[in-house]
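Q: give me a 3D structure for the following:
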Amino acid sequence: MPSFKVYKGSAEVLGHEGAGVVQQVGPDVKHFKIGDRVGWGYQANSCGLCEQYLSGNDEYCPEREIYGEATLDQGSFGEAVVWREAFLFKVPDTIPDADAAPLICGGATVWSALHKYGLSSTSTIGIIGVGGLGHLAIQFASKLGMNVVVLSTNESKKDEALKLGANHFASTSKAEAIDIGPSKLDAPVVTASVETKWETYMPLLKPQAMILPLTVHFGNFTMPHFPMIGNGLRIQGTVIASRLELKRMLDFASRHNIRPVTMLFPLNKVGIEDSMKTLSDGKMRYRGVLVAQ
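A: Numbering: from 1, shown residues only. You can find the predicted model right below:
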């Protein structure tokens, strides 16, 4: 199994994704060399034989090895890590390590949702929430040429959302009807961490709209039943990106200067404790990155 050692440069809290420089390579490695900057993500392995793998959907391989299931340690907090060549990604020269790790995490998640399920530059996209996923979704959707509508309970984020590339901002904190401009939504992308009240959003959707829930949630997904079937709505589950989509995302982010908004912490005991406290206090804006000193 081709593998090599990577000395870490940056790791995203909570350590799912990392980036660093190749220091050693195994005898069968073909596409990387010592000195290359690489990043790694949520998935570390798959079977290489199943239908999902062969169709380019390796993230849904029944034998996939992903953080939280196969392992609770991706090596991003360590001095070095050994990874399979097949699940490492060359970081473009224009993207620093501290930006690469969050892009391989949240960037890949939103890119896959926007890029893989038939949306196009003519689509009107609703981004629900301006946070770790949302601020990247706004940038990718905007650079893909989409009409981007941001929906948030926090009106103070309007200027930031528009600066990131949104075409329209609508507050959902008031009881009156929500104004999203002249076009209803082809796809609402759920990035908020709170439960979505679908009764609020149903009037904003086009018939046959596709709902893309991206927030990790372990409860039930509930919505009004008849409005869903009566309007032909589709709920599209999506998780991490495939390897092909992740490579495309890094290339696109490099060419279009898409970058995460980050808070940097030193990769040591104090830095880890500070980053976790910032996260638990709800003050992280928007991706926390631990940087090797």
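
Q: pLDDT below threshold where in the stretch 51-200 of the chain?
A: 175 (pLDDT under 70).

Q: what ranges do the strands span in it?
A: According to DSSP state E, counting those that start in this stretch, the stretch 51-200 of the chain carries its strands in the segments 65-66, 80-84, 88-90, 124-128, 147-152, 168-171, 187-190.

Q: who wins for proximity to residue 22 among those strands?
A: Closest to residue 22 of the strands of the stretch 51-200 of the chain, according to C-beta to C-beta: strand 88-90, at 8.4 Å. Backbone N, C-alpha and C define where each C-beta goes, glycine included.

Q: that closest one packs against which elements?
A: Contact analysis of strand 88-90 by 3 or more C-beta pairs under 8 Å, 6 or more residues apart in numbering; DSSP states H and E lists strand 37-40, helix 243-256 as its packing neighbours.

Q: ok, residue 198 - contacts?
A: Remark: with contacts taken as C-beta atoms under 8 Å, 6 or more residues apart in numbering, residue 198 is in contact with 222, 223, 224.

Q: distance check, residue 250 against residue 23.
A: Summarising the geometry, the distance separating residue 250 from residue 23, computed by C-beta to C-beta, to the nearest Å, is 21 Å.

Q: swap in residue 113?
A: Separation of residue 113 from residue 23 (C-beta to C-beta) stands at 34 Å.

Q: the two - which one has more neighbours?
A: residue 113 (29 against 12; other C-beta atoms under 10 Å).

Q: after the strand or helix carrying residue 270, which helix or strand is next?
A: Taking DSSP states H and E as the criterion, the element that holds residue 270 is helix 269-280. Moving toward the C-terminus from helix 269-280, the first helix or strand encountered (DSSP H and E) is strand 287-291.

Q: show me where the stretch 1-150 of the chain has its helices.
A: Along the stretch 1-150 of the chain, counting by DSSP state H, counting those that start in this stretch, helices occupy 51-54, 97-102, 108-115, 134-143.

Q: could you dump the ones you listed to JSON lines with distance to residue 64?
A: JSON lines is the format used below for the helices of the stretch 1-150 of the chain (distance: least, C-beta to C-beta, whole Å):
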{"stretch": "helix 51-54", "distance to residue 64": "8"}
{"stretch": "helix 97-102", "distance to residue 64": "20"}
{"stretch": "helix 108-115", "distance to residue 64": "15"}
{"stretch": "helix 134-143", "distance to residue 64": "23"}
